[in-house]
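**Q** okay, sequence plus prediction incoming.
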Amino acid sequence: MRFKCTSCEQAVAVEDTKPGEAVQCGSCGTVLNVPEPFDTGYIIGEFCVAEHIGSGRMGEVYKAYQETLVRDVALKVLDNDMAEHSEHILEFFKEARVAARLNHPNIVQAYSVNEEGGYYYLVVEYVFGQNLRQMIDDRGKLPVNMIIRLLSQMAHALDYAWTTEGLPHLSVKPENILIDSKGQIKISDIGLAGSRSRFSEGDYKYSSPEQILNLKVDTRADIYALGVTAYEALAGQVPFDGKMKDVNKKHLEVDALSLKELNPSVPKDLVTVISKMMAKHPDDRYMSFDDLAKDLRLLRRYANDMGTTSNFSTKIFKTRFSFTENRSRQRRKGLKLQVMTAIVTVLLLLGIIIFNSDKSVDKTIKVDKGDTKRLNEFSILSKAMDQSISSVEAFTLFKKIENFLAKYPSSQQAEECLEWREAVLEIILRERRQNDFFSEESSLAQEQNENLNESEDQNLPSQDLGELAVQSERDSLRRDILRFYLGKKTSVELLTFLKNSEAYDPLWSAQFAQIIVKASEARSALGDSGETLSGLLIKKDKKDIQVSSIQNDIVMAEVDGEFKSFSLGTFNLKSLESLLALSSDYPREDALSLLFWFRNFHNCVLKENDELSDLEVFLIEEAQKMAKFDFEAYLEAAKRSWQRNETGTALAQITALKQKYKHSVLYQTDKKKVESLEDKIKKSVSKRGKK
Ligand SMILES: Nc1ncnc2c1ncn2[C@@H]1O[C@H](COP(=O)(O)OP(=O)(O)OP(=O)(O)O)[C@@H](O)[C@H]1O
């Protein structure tokens, strides 16, 4: 484990020691006591724990500092109970990945999800401020304007999550609403509904009737919970209090006490909005957060005029509100009916399961011929199980088994498949643990090499499995990574990203991590000191040449014992070198370094007719797109300068364009266009000269 020395602030790494034992700091010699995991100073991944913030259903929450990115973060560490179940971990990772895709000013940003030493933790934006629970506890009833603002911001965030990812929050409550020091509202834990609900019965005081009844839920369940939250913040008490059983009953059947009576300063219109949010039947609520946001906008617009007697906007609300008292009552009846139906259904199901459990497998479901082949693949895996199966293969197989189960959930073969799925998951997790290559910077390269050698030495268990490993899931992940890479992300960001994706595709991530590290080295060598990239093998005029150095657009290389220089623009399109001729400045270096290292990393030299890997093809395509963009931008700039009569600039621009692209396909294709513009510019220049 690692922790920070309290004296010199350097990281101290210790092995086989227990918390409380005395050790000496390797840097300054101070004698220190080994802290408990997650005590202040404890280091996990690249995060140094600062303090414990609180506890939730998923586990403990800590404030920590991320030195590489110089920022505070919050670490949400999974409970041991939860971390013991591989399927929960997988779900946690899956949900965290979806959460990380969300990007909204009113949503606590999820950064990454990691594992170290058996601890699984989510890293999220740290919100410096208070949560709504603390505010209600400290201040009692909160101001009307603040709640309208809170509702609006929450509505935007929840609408965004629902419309972009189809994610309901399903745990909206004051504890999850954070208010930062500038008054900005941020909702936390979005996307983690499944992981959270595993270990508790839920936030019953905020649960919508449909959640209580276990019916299908959508974003309207969040509308209900947010209504309850707003009610509590304004009334200083929840609408329904007591034991879970009683509260559930009240959610289903009882109307809350009048908010107006509990807090006369709440305007009638706001009372109406909150009542509509808390309607028992989802159809009587706002249909979406967007609808709610519209009413809130109206409320805010008139906020200055709002008073206890104001009813200026009632007209507007009335036209929008779709429900009447009558309909509401009908709904309630309907709801009761649904409760009865739900109970009867559960009893029936229980009956069926108890008395006729054999029939839960429908043996008549036939597996298609094509899909029977899949089962053979699964059985091949079974034989190869104890041999070396890479995690990539395991992951692909896992996906396949999942698909099979989704298609034939109650077939005879499903049971066997479930067992295989479990076993495959084990492999994935085992590999994940083995690939923990980010724990120590210094041993990074060595560990990666080990991982790589291991994977190279592996005998692929079968042709079938080998093919399985090249599946689309993996490719899309690669694409993400490459986009990141080409999108000028820093290496640190990329490494963090890889660390997360490693759970998904550990082997490839490990390889790519090495490429990134090396490519960054190459890039900095290219950029600053002009140091060599000697040793790189590239293909030129059908010969393998060894690069001596690359600077700007010039490659120095030894060919037949002689040092020669080449313009990068002269490299063949189909080889990886063509990237240089095609891409614009920054990405060109990145992409090329990456490709060089990719090739060298695999100890192979690109031959003229070599088939390019998917990765390379993709990189080349990306580079081509970027180059096209760059080329057109040059052309457009020259044209504009010429139109503005800035002929000197125009000439310089067109000359630069030609110099940069004269060897590229882009130039060949648009040669006429370039030359005709050049002609026009030159004519203007000479006209000016004559004048
Ligand atoms: N990103 C964050 N920044 C600052 N404090 C946070 C952050 N996330 C959570 N907290 C605080 O940590 C505590 C525990 O949060 P957590 O989300 O784990 O549990 P909860 O919301 O109280 O309950 P539940 O797990 O049921 O959602 C809360 O007091 C919360 O305000």
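**A** Great, that's in hand. Computed from a predicted structure; not experimentally measured.

**Q** measure the residue in the chain that the ligand sits nearest to to Asn80 for me?
**A** Of all residues in the chain, the one sitting closest to the ligand is Gly56 (2.1 Å; C-beta to the nearest ligand atom). The C-beta positions use only the backbone N, C-alpha and C, and glycine is treated the same way. As defined by C-beta to C-beta, to the nearest Å, Gly56 lies at a distance of 14 Å from Asn80.

**Q** is the ligand within reach of stretch 29-44?
**A** No: with C-beta under 6 Å from any ligand atom as the criterion, the ligand is not reached by stretch 29-44; the gap is at least 13.5 Å.

**Q** stretch 94-109 too?
**A** Yes: counting by C-beta under 6 Å from any ligand atom, the ligand is contacted by stretch 94-109 at Val108.

**Q** show residues contacting that stretch.
**A** The contact list for stretch 94-109 (C-beta atoms under 8 Å, 6 or more residues apart in numbering) reads 74, 110-113, 122, 124-125, 127, 153-154, 156-157, 160-161, 164-165, 167, 178, 184-195, 500, 504.

**Q** now stretch 6-16
**A** 1-5, 23, 25-28, 30, 32, 34, 41, 43, 440.

**Q** same question for stretch 254-266.
**A** 141, 144, 231, 234-237, 239-240, 268, 271, 274-275, 278, 308.

**Q** what residues sit buried inside that stretch?
**A** Ala256, Leu259, Lys260, Leu262, Asn263, Val266 (16 or more other C-beta atoms under 10 Å).

**Q** check stretch 234-251 too.
**A** Leu234, Ala235, Gln237, Val238, Pro239, Phe240, Val247, Asn248, His251.

**Q** for the first one, give me its contacts.
**A** By C-beta under 8 Å, 6+ apart, the contact set of Leu234 is Lys141, Leu142, Val144, Ile147, Leu259, Leu262, Asn263, Val266, Leu270, Ile274.

**Q** and if you look at the last one?
**A** Under the criterion of C-beta under 8 Å, 6+ apart, the neighbours of His251 are Ser207, Ser208, Pro209, Ile212, Phe240, Lys280.

**Q** lowest pLDDT pick from those residues?
**A** Checked by pLDDT, the contacts of His251 have Ile212 as the lowest-scoring entry (87).

**Q** from Gln211, how far out is the closest residue in space to that residue that isn't next to it in sequence?
**A** Nearest-residue entry for Ile212: Asn248, 4.8 Å, with adjacent residues in sequence omitted and distances by C-beta to C-beta, 6 or more residues apart in numbering. Using C-beta to C-beta, we find Asn248 at a distance of 10 Å from Gln211.

**Q** please apply the same query to Leu122.
**A** Distance of Leu122 to Gln211, given as C-beta to C-beta: 23 Å.

**Q** the ligand contacts on the stretch 151-300 of the chain?
**A** So far as C-beta under 6 Å from any ligand atom goes, the stretch 151-300 of the chain lies against the ligand at Ser171, Glu175, Asn176, Leu178, Ser188, Asp189, Arg196.

**Q** which of these are buried?
**A** Ser171, Glu175, Asn176, Leu178, Ser188, Asp189, Arg196.

**Q** which members of these are positioned in strands?
**A** Secondary structure assignment (DSSP state E) places Leu178 from those within strands.

**Q** got the phi/psi numbers for Tyr204?
**A** phi -60, psi -20 (degrees, to the nearest 10).

**Q** surely it and Lys250 touch.
**A** No: taking contacts as C-beta atoms under 8 Å, Tyr204 lies outside contact range of Lys250: 10.4 Å.

**Q** so which strand or helix has Glu15?
**A** In the assignment (DSSP states H and E), Glu15 maps to no helix and no strand.

**Q** pLDDT below threshold where in the stretch 251-400 of the chain?
**A** 301-365, 377, 379-396, 399 (pLDDT under 70).

**Q** in stretch 139-155, what counts as buried?
**A** Using 16+ other C-beta under 10 Å as the test for burial, stretch 139-155 gives 141-142, 144, 146-155.

**Q** put together a markdown table for these, with secondary structure and pLDDT on each row.
**A** Listed next are the buried residues of stretch 139-155 as a markdown table, based on DSSP: H, G, I helix; E, B strand; the rest coil; pLDDT from 0 to 100:
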| residue | secondary structure | pLDDT |
| --- | --- | --- |
| Lys141 | coil | 91 |
| Leu142 | coil | 92 |
| Val144 | helix | 89 |
| Met146 | helix | 87 |
| Ile147 | helix | 92 |
| Ile148 | helix | 91 |
| Arg149 | helix | 86 |
| Leu150 | helix | 93 |
| Leu151 | helix | 94 |
| Ser152 | helix | 91 |
| Gln153 | helix | 91 |
| Met154 | helix | 95 |
| Ala155 | helix | 94 |
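
**Q** how about the residues you listed in CSV, adding distance to Val12?
**A** Shown next, in CSV, are the buried residues of stretch 139-155 (distance: C-beta to C-beta, whole Å):
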residue, distance to Val12
Lys141, 50
Leu142, 46
Val144, 53
Met146, 46
Ile147, 48
Ile148, 51
Arg149, 46
Leu150, 44
Leu151, 48
Ser152, 48
Gln153, 43
Met154, 43
Ala155, 48
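
**Q** farthest pair in the residues you listed?
**A** Lys141 and Ala155 (21.3 Å; C-beta to C-beta).

**Q** rewinding a little: restrict the contacts of stretch 94-109 to the buried ones and give me that as a PyMOL selection.
**A** Restricted to buried positions by 16+ other C-beta under 10 Å, the PyMOL selection for these reads:
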select buried, resi 74+110+111+112+113+122+124+125+127+153+154+156+157+160+161+167+178+185+186+187+188+189+190+191+192+193+195+500+504
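
**Q** now intersect the contacts of stretch 94-109 with the strands, please.
**A** Short answer: these in strands (DSSP E) are Ala74, Ala110, Tyr111, Ser112, Val113, Leu122, Val124, Glu125, Leu178, Ile185, Lys186, Ile187.

**Q** beta partners for the fourth one?
**A** So that's Ser112. Val123 (DSSP bridges).

**Q** just to check, it is in contact with Val123?
**A** Yes: using C-beta under 8 Å, Ser112 is in contact with Val123, at 4.8 Å.

**Q** re earlier: which of the buried residues of stretch 234-251 sit farthest apart?
**A** For the buried residues of stretch 234-251, the maximum inter-member distance is 22.9 Å, found between Leu234 and Asn248 (C-beta to C-beta).

**Q** mind checking pLDDT for the residue lying closest to Ala74 once chain neighbours are set aside?
**A** Distance criterion C-beta to C-beta, 6+ apart; nearest residue to Ala74, sequence neighbours excluded, is Tyr126 at 4.6 Å. We note a pLDDT of 93 for Tyr126 in this prediction.

**Q** any idea how many residues pack against Tyr126?
**A** For Tyr126, the neighbour count with other C-beta atoms under 10 Å is 23.

**Q** wait, Cys48 sits on Lys63?
**A** No: under the criterion of C-beta under 8 Å, Cys48 is not in contact with Lys63, lying 10.2 Å apart.

**Q** and the residue nearest to Ile212, what element?
**A** With DSSP H and E as the test, Asn248 turns up in helix 244-253.

**Q** also Ser7?
**A** Ser7 belongs to no helix or strand, assigned by DSSP H and E.
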